[in-house]
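>>> Pasting the sequence and the predicted model now:
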Amino acid sequence: MAKQRNSKGRVPASDKDENPSAAKRTRTQAAGRRTMSKRGANTGEAAPRQRTASRQPTVTSSASTRGVAAGQAVNSTTGSQGPVRRREAAMKGRSLRSTLMLSMVGMTALTMIVLGLTLTSIASSFLIGQAQHKGVELAKVTAQLGRSVMDAGLGSRDLREERLKQYLTQATTWGEEPLRYSDILGITFVEGDLAGVAWPEPITAGTRGMVQERINLPRLGWVRLPDDIVVRETTRNGAPVFRFGVNLNSRDGSEYLRSTVWLDLAADKVYSVRTRLFLIVGIAVIVSMGVVWFLAIYIAGKITRPLQMLVRDMRIVGEGNLDHQTRAHSNDEVGLLANSFNQMTRQLYVAQSALVEQEKAEYELSIAREVQQQLLPAEAPAIPGYLPFAYYKGAKAVSGDYYDFIPISDDLWGFIIADVSGKGIPGSMVMAVARTIIRLVANKHGENAAATLKETNRLIAKQIKRGMFVTAFYAVLNIRTGQLTYASAGHNPMIIYRYQSRTYELAAPKGIAIGFNDGPIFDKNIQEFKSIVNKGDTIVLYTDGFPEAMNEKNEEYGDERFYELVGAHGHSGAKGVVEAMVSAIAEHRGRAAQSDDLTVLTVSRTE
């Protein structure tokens with residue numbers, strides 16, 4: 001039986017010209033058509049036409065076809081850029097290879113040149129130092145030889161000079177040909193008793209040439225020369241020579257003071273050896289660079305070849321062949337990169353497959369949404385003396401809520417609202433089956449609301465998936481008398497707002513949900529009641545999405561609060577009370593996502 005409750009009066013909400021249910025449905029249909037048209041334009045599919053009474057949506061192609069078309073588009077784009085990418089990859093490969101080769105050759109050449117110059121400098125300094133050391137000792141020996149001849153008292157000066165030259169000739173003669181193997185080019189005595197003695201040729205211009213302040217001795221290193229020894233680098237007849245001067249000092253006797261011996265020693269052999277050293281080092285550097293060049297070609301190729309193969313494999317994958325795998329040719333960083341690339345390709349393949357399936361599911365979901373939109377009333381019917389209104393907003397693309405206006409006869413109109421357990425495609429399919437069956441049996445049973453739900457349950461229970469069920473509230477209105485016959489299959493109570501008393505009643509007949517039992521238990525529990533709808537009264541059928549709406553704190557709106565809301569705005573009529581309900585739920589929910597479908601059907605008596 002209907003229970004009467006008092007409610008607080010409120011200022012009536014102003015009516016709006018727009019029909020929320022029809023406007024929402026029109027926007028959804030337009031969005032669906034735009035989505036389908038866009039898909040058709042992108043993939044070659046035909047966009048759905050405007051619906052007609054006898055038309056069903058037809059899928060003209062699958063998401064996999066779209067994926068192939070998209071892949072072909074990618075391939076065509078990539079194909080046009082293929083030569084450019086190949087040239088870029090080749091240039092990059094050559095650049096890396098050339099860099100490695102030039103680096104190896106340059107470092108080797110620099111090392112060899114520095115090493116060669118160092119070795120040559122050390123060897124040249126050693127050879128020159130040894131030659132100069134020998135020259136100093138030869139000059140001193142010659143000075144002592146001259147002193148010995150002078151001390152021997154061998155007669156006249158000419159005889160002593162002849163004897164000195166004889167000694168010098170014998171000292172420098174090897175074999176039968178004199179002077180052939182000697183590096184001594186000339187000896188000259190200056191001042192003293194032997195002044196003017198020269199052998200084998202006199203030394204002229206003894207002061208020319210660069211004076212050496214120190215010489216490199218093989219065992220002692222660089223040694224500064226004393227004041228009585230002079231070493232010069234000069235030329236003789238165009239050939240390089242080392243010129244040595246030794247002054248006889250007081251240790252040699254007072255009669256020898258200011259006497260000097262000059263000796264020229266050939267330096268061309270030393271410089272020749274140094275030149276040959278530079279030549280050998282230069283040849284060694286060139287040969288080393290050649291060897292390193294070939295080694296660099298081999299090593300750089302071994303390093304860059306796997307990279308070039310990896311770039312080629314990347315290009316193949318980039319052209320759309322996600323089944324392609326590269327091969328790791330080593331266990332180094334390049335091999336690790338190849339394995340990582342293969343792993344990335346496999347993940348990309350899985351992601352692309354998931355994307356194709358997602359697009360396919362979205363496409364099928366859009367079709368289901370289109371079908372569901374066609375099953376729901378496009379707009380509220382015109383009923384003489386009454387103003388019907390409805391509002392629907394699904395939580396997902398498709399939902400399990402259902403409402404309908406059913407014309408039974410000239411005087412009878414059926415109003416039903418139902419909620420299928422679960423959402424999405426399964427819920428929408430059960431909803432479609434329930435709509436078809438209810439429309440078939442409603443005309444058969446006329447004003448008997450309980451009988452209509454009983455037969456509906458017997459037909460649906462055998463087909464519905466185990467665990468799924470449908471709650472429904474069905475009311476039949478005699479528009480001539482205002483008599484309302486109603487029954488419930490485990491659904492929320494119907495709210496009847498009484499205009500005269502500004503109160504509301506809850507019509508909550510017993511009953512279990514459709515689909516739990518296919519016969520006796522359902523028939524035994526269901527109840528049917530009658531009521532009268534007077535002028536100004538409004539009946540409200542709704543689903544649990546309104547009282548169970550959640551806010552950001554997971555707090556429900558609540559049944560009592562919802563009843564009071566209807567009682568406060570019931571005087572606004574069918575449209576006004578719905579607008580107040582939608583506004584209040586939106587304010588309560590705030591930024592929280594819609595947790596359940598919102599469906600409401602209202603009928604107000606105007607005459």
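In hand now; what should we look at?

>>> can you pull the pLDDT of the residue nearest to the spatial centre of the chain?
Against the mean C-alpha coordinate of the chain, by CA atoms, centre = their mean, the closest residue is Met344 at 10.6 Å. Met344 carries a pLDDT score of 86 in this model.

>>> what's the answer for Val59, then?
Val59 is given a pLDDT of 36.

>>> Same question for Asp264.
The predicted local confidence for Asp264 is 91.

>>> can you check the one 3 residues further on too?
Predicted confidence (pLDDT) at Ala267: the value is 89.

>>> Could you verify my assumption that it touches Lys134?
No - judged on CB atoms under 8 Å, Ala267 makes no contact with Lys134 at a distance of 11.3 Å. C-betas here are computed from N, CA, C, even on glycine.

>>> So for these two, which residue has more residues nearby?
Ala267 (24 against 14; other CB atoms under 10 Å).

>>> Pull the contacting residues for that one.
Applying CB atoms under 8 Å, 6 or more residues apart in numbering to Ala267 gives the contacts 128, 131, 233, 239-242.

>>> where's it relative to Ser124, distance?
Noted for Ala267: a distance of 12 Å to Ser124, by CB to CB, to the nearest Å.

>>> go on, Gly245?
Going from Gly245 to Ser124 by CB to CB gives 24 Å.

>>> Between the two, which is the more surrounded one?
It is Gly245, of Gly245 and Ser124, that has more neighbours when counted by other CB under 10 Å, with 22 against 18.

>>> can you pull out the helices in the protein?
20-43, 63-152, 157-172, 268-318, 333-375, 424-445, 449-461, 520-525, 559-569, 573-589 (DSSP state H).

>>> among those helices, which is the most enclosed?
Comparing the helices of the chain by mean neighbour count (mean count of other CB atoms under 10 Å), helix 449-461 ranks first with a mean of 23.

>>> got the angle between it and helix 424-445?
Inter-element angle recorded for helix 449-461 and helix 424-445: 140 degrees (by axes from the mean of the first three to the mean of the last three CA atoms, to 10 degrees).

>>> Let me see the mean pLDDT of helix 449-461.
Rounded mean pLDDT across helix 449-461 is 92.

>>> Next: stretch 551-560.
Here stretch 551-560 scores 93 as its mean pLDDT.

>>> And that stretch, how far out from the chain middle?
Centre-to-centre, stretch 551-560 and its host chain are 43 Å apart (CA atoms, centre = their mean, to the nearest Å).

>>> again with stretch 528-536
Relative to the chain's own centre, stretch 528-536 is displaced by 67 Å; criterion: CA atoms, centre = their mean.

>>> mind listing what's buried in it?
528-529, 531, 533, 536 (16 or more other CB atoms under 10 Å).

>>> hmm, back to that, ok, which of the helices of the chain comes nearest Gly192?
Nearest of the helices of the chain to Gly192, taken as CB to CB: helix 63-152 at 8.1 Å.

>>> In the stretch 201-350 of the chain, where is pLDDT below threshold?
For the stretch 201-350 of the chain, the stretches with pLDDT under 70 are 205-208, 249-258.

>>> swap the cut-off to 90 and go again
Per-residue confidence for the stretch 201-350 of the chain (pLDDT under 90) gives these ranges: 201-223, 225-230, 232-239, 245-261, 267-350.

>>> do you know how far the most far-flung residue of the chain relative to its centre is from Val149?
Ranked by distance from the centre of the chain (CA atoms, centre = their mean), the top residue is Gly155, with 107.7 Å. To Val149, Gly155 is 11 Å away according to CB to CB.

>>> likewise Ser531?
For Ser531, the distance to Val149 equals 163 Å [CB to CB].

>>> Same check on Lys360?
122 Å.

>>> same question, Ile526
Distance, Ile526 to Val149, using CB to CB: 157 Å.

>>> Also Lys530?
Where Val149 is concerned, Lys530 sits at a distance of 166 Å (CB to CB).

>>> Could you do Pro520 as well?
158 Å.

>>> Check Val211 too.
29 Å.

>>> again, but for Tyr298
Separation of Tyr298 from Val149 (CB to CB): 72 Å.

>>> got a list of what the nearest residue to Leu164 once chain neighbours are set aside touches?
Leaving aside its sequence neighbours, Leu164 sits nearest to Val149 (CB to CB, 6 or more residues apart in numbering; 4.7 Å). Going by CB under 8 Å, 6+ apart, Val149 touches 160, 163-164, 167, 194.

>>> my read: Val577 touches Ile495, true?
No - look at Val577 against Ile495 with CB under 8 Å: they stay out of range, at 9.2 Å.

>>> and for these two, which residues touch both?
Common contacts of Val577 and Ile495 (CB under 8 Å, 6+ apart): 540, 566.

>>> Can you list the low-confidence ranges for the stretch 451-600 of the chain?
The stretch 451-600 of the chain contains residues with pLDDT under 90 at 460-468, 515-520, 593-597.

>>> Could you rerun that using 80?
Where the stretch 451-600 of the chain drops to pLDDT under 80, the residues are 465-467, 518-519.

>>> all strands of it, in order?
For the stretch 451-600 of the chain, the strands defined by DSSP state E, counting those that start in this stretch cover 470-478, 483-489, 494-498, 503-507, 528-532, 538-542, 598-605.

>>> Which strand residues bridge Val211?
Beta-bridge pairing for Val211 (DSSP bridges): Arg232.

>>> Look up the pLDDT of Leu601 for me, please.
Note for Leu601: predicted pLDDT of 96.

>>> surely it meets Tyr542?
Yes - using CB under 8 Å, Leu601 makes contact with Tyr542 at a distance of 7.4 Å.

>>> Mind listing the shared neighbours of these two?
Taking CB under 8 Å, 6+ apart as the contact rule, Leu601 and Tyr542 both touch Ile417.

>>> Roughly how far does the nearest residue to His324 once chain neighbours are set aside sit from Ser353?
Leaving aside its chain neighbours, His324 sits nearest to Ile316 (4.8 Å; criterion: CB to CB, 6+ apart). Noted for Ile316: a distance of 19 Å to Ser353, by CB to CB.

>>> Pretty sure Ile184 sits against Asp264.
Yes - with contact defined as CB under 8 Å, Ile184 counts as touching Asp264 (7.2 Å).

>>> Between the two, point out the one with more neighbours.
More crowded of Ile184 and Asp264, by other CB under 10 Å: Asp264, with 24 against 19.

>>> out of the contacts of Val149, which one sits closest to Ala395?
Each of those was checked against Ala395 using CB to CB; the closest is Tyr167, at 128.5 Å.

>>> got the contact list for the closest one?
Per CB under 8 Å, 6+ apart, neighbours of Tyr167: 145, 149.

>>> for the nearest residue to Met101 once chain neighbours are set aside, what are its contacts?
The shortest distance from Met101 to any non-neighbouring residue, by CB to CB, 6+ apart, is to Ala296 (4.0 Å). Residues near Ala296 by CB under 8 Å, 6+ apart: 100-101, 104-105.
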